[in-house]
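A.B. asks: The amino acid sequence is not available; the structure is as follows:
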């Protein structure tokens, strides 16, 4: 079987989308049946065929920027989206263009900037922006009861915009969250109250932008910060005297390995490639180049640099382990499919669309602060 490194090193562009209207591509979610959902800065959701990237339809209904997408695990035709308009909606992927099939709301003051669905398909959780310059909230619903009030909220764990919520891929009660207050929290939701549920709090040193469950049995947690810091923690050590951090760097731009003449300007995110047993970290440069790196206890190792695709900042990616393919989307409004030995049908590279007035969104959407909170165990 071809090893991951060989697959990544042979990646090249196989397909490229050509949208009629310019819009930033912000996030992705994959359906096993062959549909790729992409959230856009014009508050729409596009559905693409995974093989051809052909646009199959779109959804509209949110009144604010989208923050996350997720397909239901048990009902893969159901696509969830969350928005700054304070709603979580569910769409039927079999009916592109239809109205939302389900709607979840909380307090009218809540504006969501993160969201996820538990692996058990029971809990939905959305993280809010800071409310009244004081508080931020984790809001929970029963996914089986759309239209009903939230099950409850956590209000003490973060004090600023909650940038990401991530349920554990296997444990339905385990969840992680991160925020611009610099903190990363891990919860066991089976324990009841917020204080009891909080298992650990980590200090990300600066505004945390994303977290990723990784490692054997997903016992590790990767955190990326908005000023390009990277932290890798081992949660299996929580009840030991061993240090929780297995690798930490305040600015990966200073040490990231890149090809000669290339540089790393930002990180896009991380993904645990379970079949290969490797943690993939994706970064890029402002000209649209991409760097695929492996992260472990020893730091970062460059696997492949991709060029000639995007014309500006890449905002999202998704690795398809079955097809051995990489999807990327960014601020040039392009959706790209990279495959081993891929041969693009057209070699025309789209120009950056940053100058278009339709793209008036912030490229780095949160403020930067610095904190010295200590780790709580």
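C.D. replies: Thanks, I have it. Worth saying up front: this structure is predicted, and the values here are computed from it rather than measured.
A.B. asks: How much space separates residue 113 from residue 130?
C.D. replies: In this structure, residue 113 and residue 130 are 10 Å apart, going by C-beta to C-beta, to the nearest Å. Yep, even glycine has a C-beta here, placed from its N, CA and C like the rest.
A.B. asks: out of these two, which sits in the busier spot?
C.D. replies: Residue environment comparison for residue 113 versus residue 130 gives the larger neighbour count to residue 113, 26 against 20, counting by other C-beta atoms under 10 Å.
A.B. asks: Bridge partners for residue 66, pull those for me.
C.D. replies: Applying DSSP bridges to residue 66 yields these beta-bridge partners: residue 83.
A.B. asks: That one - how many residues pack around it?
C.D. replies: Residues lying near residue 66 (other C-beta under 10 Å) number 24.
A.B. asks: what's the pLDDT at it?
C.D. replies: On pLDDT, residue 66 comes in at 98.
A.B. asks: returning to what we had before: mutual contacts of residue 113 and residue 130, please.
C.D. replies: Counting by C-beta atoms under 8 Å, 6 or more residues apart in numbering, the common neighbours of residue 113 and residue 130 are residue 161.
A.B. asks: Please spell out which residues along stretch 23-33 are buried.
C.D. replies: Of the residues in stretch 23-33, those scored as buried under the neighbour-count criterion (16 or more other C-beta atoms under 10 Å) are 23, 24, 25, 26, 27, 28, 29, 30, 31.
A.B. asks: How far does it sit from its chain's centre?
C.D. replies: In this view, stretch 23-33 has its centroid 10 Å away from the chain centroid, taken as C-alpha atoms, centre = their mean, to the nearest Å.
A.B. asks: which residues are contacting it?
C.D. replies: For stretch 23-33, the surrounding residues in contact (C-beta under 8 Å, 6+ apart) are 36-42, 44, 50, 65-71, 76-77, 79, 93, 315-318, 320, 327, 329-331, 333-335, 358-359, 361.
A.B. asks: Can you flag the buried ones in those residues?
C.D. replies: Buried by 16+ other C-beta under 10 Å: 36-42, 44, 50, 65-71, 79, 93, 315-318, 327, 329-331, 333-335, 359, out of the contacts of stretch 23-33.
A.B. asks: Let's see which of these end up in strands.
C.D. replies: Secondary structure defined by DSSP state E assigns 36-40, 66-71, 79, 315-318, 327, 329-330, 335 of those to strands.
A.B. asks: May I ask you to confirm that residue 155 is in contact with residue 137?
C.D. replies: Yes - contact status for residue 155 versus residue 137: in contact at 5.3 Å, counting by C-beta atoms under 8 Å.
A.B. asks: which of the two has more neighbours?
C.D. replies: Of the pair residue 155 and residue 137, residue 137 is the one with more neighbours under other C-beta under 10 Å, namely 25 against 15.
A.B. asks: how near is residue 118 to residue 174?
C.D. replies: Looking at residue 118 against residue 174, where the rule is C-beta to C-beta, the gap reads 9 Å.
A.B. asks: hey, what's in contact with both of those two?
C.D. replies: Common neighbours of residue 118 and residue 174 (criterion: C-beta under 8 Å, 6+ apart): residue 167.
A.B. asks: As a quick check, tell me the outermost residue of this protein.
C.D. replies: With C-alpha atoms, centre = their mean as the measure, the chain has its most outlying C-alpha, relative to the mean C-alpha position, at residue 241: 31.5 Å.
A.B. asks: since we're on residue 274, how many residues are nearby?
C.D. replies: Counted by other C-beta under 10 Å, the residues lying close to residue 274 total 13.
A.B. asks: Phi, psi for it please.
C.D. replies: phi -60, psi -40 (degrees, to the nearest 10).
A.B. asks: Please renumber the chain so that the first residue is 709 from this point on.
C.D. replies: Let's use 709 as the start, then, which means that last one is residue 982.
A.B. asks: dump the residue contacts of it.
C.D. replies: Listed by C-beta under 8 Å, 6+ apart, the contact partners of residue 982 are residue 1029.
A.B. asks: What are the buried residues along the worst-scoring helix or strand of the chain on mean pLDDT?
C.D. replies: Of the helices and strands making up the chain, the lowest-confidence element is helix 712-717, at a mean of 88, by mean pLDDT, DSSP states H and E. For helix 712-717, the neighbour count (16+ other C-beta under 10 Å) marks 712, 715, 716 as buried.
A.B. asks: Can I get the residues you listed in a markdown table including distance to residue 832?
C.D. replies: Listed next are the buried residues of helix 712-717 as a markdown table, based on distance: C-beta to C-beta, whole Å:
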| residue | distance to residue 832 |
| --- | --- |
| 712 | 32 |
| 715 | 34 |
| 716 | 34 |
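A.B. asks: ok, those residues vs residue 1048, which is closest?
C.D. replies: Set against residue 1048, the nearest of the buried residues of helix 712-717 by C-beta to C-beta is residue 715 (5.2 Å).
A.B. asks: which residues touch that closest one?
C.D. replies: Per C-beta under 8 Å, 6+ apart, neighbours of residue 715: 1032, 1048.
A.B. asks: likewise residue 877?
C.D. replies: 827, 921, 926.
A.B. asks: Distance to residue 986, pLDDT and secondary structure added to those residues, as JSON lines?
C.D. replies: As requested, those are exported to JSON lines (distance: C-beta to C-beta, whole Å; pLDDT from 0 to 100; DSSP: H, G, I helix; E, B strand; the rest coil):
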{"residue": "827", "distance to residue 986": "21", "pLDDT": "95", "secondary structure": "coil"}
{"residue": "921", "distance to residue 986": "14", "pLDDT": "98", "secondary structure": "strand"}
{"residue": "926", "distance to residue 986": "14", "pLDDT": "98", "secondary structure": "helix"}
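A.B. asks: If you rank the residues you listed by neighbours, which is first?
C.D. replies: Neighbour count (other C-beta under 10 Å) singles out residue 921 as the most crowded of the contacts of residue 877, with 23 neighbours.
A.B. asks: That one and residue 1048, how far apart?
C.D. replies: According to C-beta to C-beta, residue 921 and residue 1048 sit 26 Å apart.
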